[in-house]
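[1] Take this sequence and fold it.
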Amino acid sequence: MYIKRIIIIIVAIGAIVGAIFAYNVYTAVFSDNTAFNNEEAHVYIAPEASFETVKEDIAPLLKDVSSFETVAKQKGYVTNVKSGHYVIKKGMNNNEIINSIRSKNTPVKVAFNNQERLEDLAGRIAKQIQPDSLSLLNAMRDTDFLREHDFNNATALSMYIPNSYELFWNTSATSFRDRMFTEYQRFWNEQRRAKAEALRLTPQEVYTVAAIVQKETAKVEERPRVAGVYLNRLRTGMKLDADPTVIYALKKKTNDWDMVIKRVLYKDLDTQSPYNTYRNAGLPPGPIFMPDVSAIDAVLNPEKHDYFYFVADVENFGYHKFAKSLSQHNANSAAYKRWINNRGFKR
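    Okay, here's the model as predicted:
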């Protein structure tokens, strides 16, 4: 009878211990372990990250780091860390959190537009995906890649079509560049290439003209007309005489990319640079800017007219007055110069 009681007590204790153990296991694995108030939190794990790094980064998001580590060990995550961008939703338990950061690499939206140089583009992209700006810039400037795809240092920017793209955060610098070339080929479809060919321009040259057009006018609806002016000049062998190319030439010559020039002076027109279209006939060596798709399409679908000149319209700000003859243009320019002189703009 005494032995029977001892056995019952031992069994009871074992059951209690088992229940406590089971409860602890259940709590560690299946209880909510999120400590943030938003609907979701984002975790970015670098390629070289160890589990200790992950644990340190994720700790502020958790109620109990110890239970998270326990489950991570049980599931073999501590020796199998995967880089990427992961989403943890409010109310997730440790099991769900581990599953998420182990296998649910979530793409991010990467957007860019209106960059002036590859350096600017690399800096913009580096804020959105894992590679740093230097590795991105090196990939963009890779001589073998550029030569293989008929680009050079001056035209390389024209490979990047401004838009919003889905990419994995841990995409490498070269993979980003290669993806952008794929998007470039997709953008320059048969229809767009046919329009460029009809203008006797390559896609890169269209991009270069579009950059000038956009710098000349912020009004999307006016871009086809401005594009028509520059295409008329190219067609007849006139120099482009585009102020934005002079500004770019000055920035490049001084290496001062923060320079602000509101007024191009006569002395600026003599700037020695292949980008200065007042001194050099034809197009500059490459784009002076990353134009919007609307500007590219404006060049591909220009307004057909006989205008060869335009100047800012002081009576309709943001727009321009167009002229077919130099005499009419000079009259329009005189009105603009009087207006700008009255306001004291010297530079």
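[2] in the stretch 51-200 of the chain, which spans are strands?
    84-89, 108-112, 163-167 (DSSP state E, counting those that start in this stretch).
[3] which outside residues touch the first one?
    Think strand 84-89. 34, 39-45, 58, 61, 97, 100-101, 104-108, 168-170 (CB atoms under 8 Å, 6 or more residues apart in numbering). Using the backbone N, CA and C atoms, a C-beta is placed for each residue, glycine as well.
[4] at 10 Å instead, please
    33-34, 36, 38-47, 54, 58, 61-62, 96-97, 100-108, 129-130, 167-171 (CB atoms under 10 Å, 6 or more residues apart in numbering).
[5] Could you pick out the buried ones from those?
    Among the contacts of strand 84-89, those classed as buried by neighbour count (16 or more other CB atoms under 10 Å) are 33-34, 41, 43, 45, 54, 58, 61-62, 96-97, 100-102, 105, 108, 129-130, 167-171.
[6] Keep only those of those residues that are in helices.
    54, 58, 96, 97, 100, 101, 102 (DSSP state H).
[7] Show me what the residue lying closest to the fifth one once chain neighbours are set aside bridges to in the sheet.
    Closest residue in space to residue 100, ignoring its immediate chain neighbours: residue 86 at 5.5 Å, by CB to CB, 6 or more residues apart in numbering. The bridge-partner assignment for residue 86, based on DSSP bridges, gives residue 43.
[8] Excluding covalently adjacent residues, which one is nearest to residue 184?
    What sits nearest to residue 184 in space, not counting adjacent residues and going by CB to CB, 6+ apart, is residue 159, at 5.0 Å.
[9] Same question for residue 153.
    residue 141 (6.5 Å).
[10] any idea which element residue 209 lies in?
    helix 203-216 (DSSP states H and E).
[11] Just the CA coordinates for that helix, please, in CSV.
    Output of helix 203-216 as CSV, limited to C-alpha atoms (Å, rounded to 0.1, in the frame of the first residue of the first chain):
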residue,chain,number,x,y,z
PRO,A,203,17.7,55.1,-78.1
GLN,A,204,20.6,56.6,-76.3
GLU,A,205,20.4,59.8,-78.4
VAL,A,206,16.6,60.0,-77.8
TYR,A,207,17.4,59.9,-74.0
THR,A,208,20.0,62.7,-74.5
VAL,A,209,17.5,64.9,-76.3
ALA,A,210,14.8,64.1,-73.7
ALA,A,211,17.1,65.2,-70.9
ILE,A,212,17.5,68.6,-72.6
VAL,A,213,13.8,68.9,-73.3
GLN,A,214,12.9,68.2,-69.6
LYS,A,215,15.5,70.7,-68.4
GLU,A,216,13.9,73.3,-70.7
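[12] Report the buried residues of it.
    203-216.
[13] and of the residues you listed, the nearest to residue 150?
    Ranked by distance to residue 150 (CB to CB), the buried residues of helix 203-216 are led by residue 204 at 8.1 Å.
[14] By mean pLDDT, flag the weakest helix or strand of this protein.
    helix 2-30 (a mean of 56; mean pLDDT, DSSP states H and E).
[15] that older thread, do I have it right that the residue nearest to residue 153 meets residue 155?
    No: judged on CB atoms under 10 Å, residue 141 makes no contact with residue 155 at a distance of 11.9 Å.
[16] which of those two has more neighbours?
    Under the neighbour definition other CB atoms under 10 Å, residue 141 and residue 155 were set side by side, and residue 155 has more, 19 against 15.
[17] Spit out the contact partners of the more buried one.
    Here residue 155 is in contact with 146, 202, 203, 204, 205, 207, 208, 285, 286, 287 (criterion: CB under 10 Å, 6+ apart).
[18] pLDDT and distance to residue 120 for those - can I get that in CSV?
    As requested, those are arranged in CSV below (pLDDT from 0 to 100; distance: CB to CB, whole Å):
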residue, pLDDT, distance to residue 120
146, 98, 18
202, 98, 24
203, 98, 21
204, 98, 19
205, 98, 22
207, 98, 16
208, 98, 17
285, 98, 18
286, 98, 14
287, 98, 12
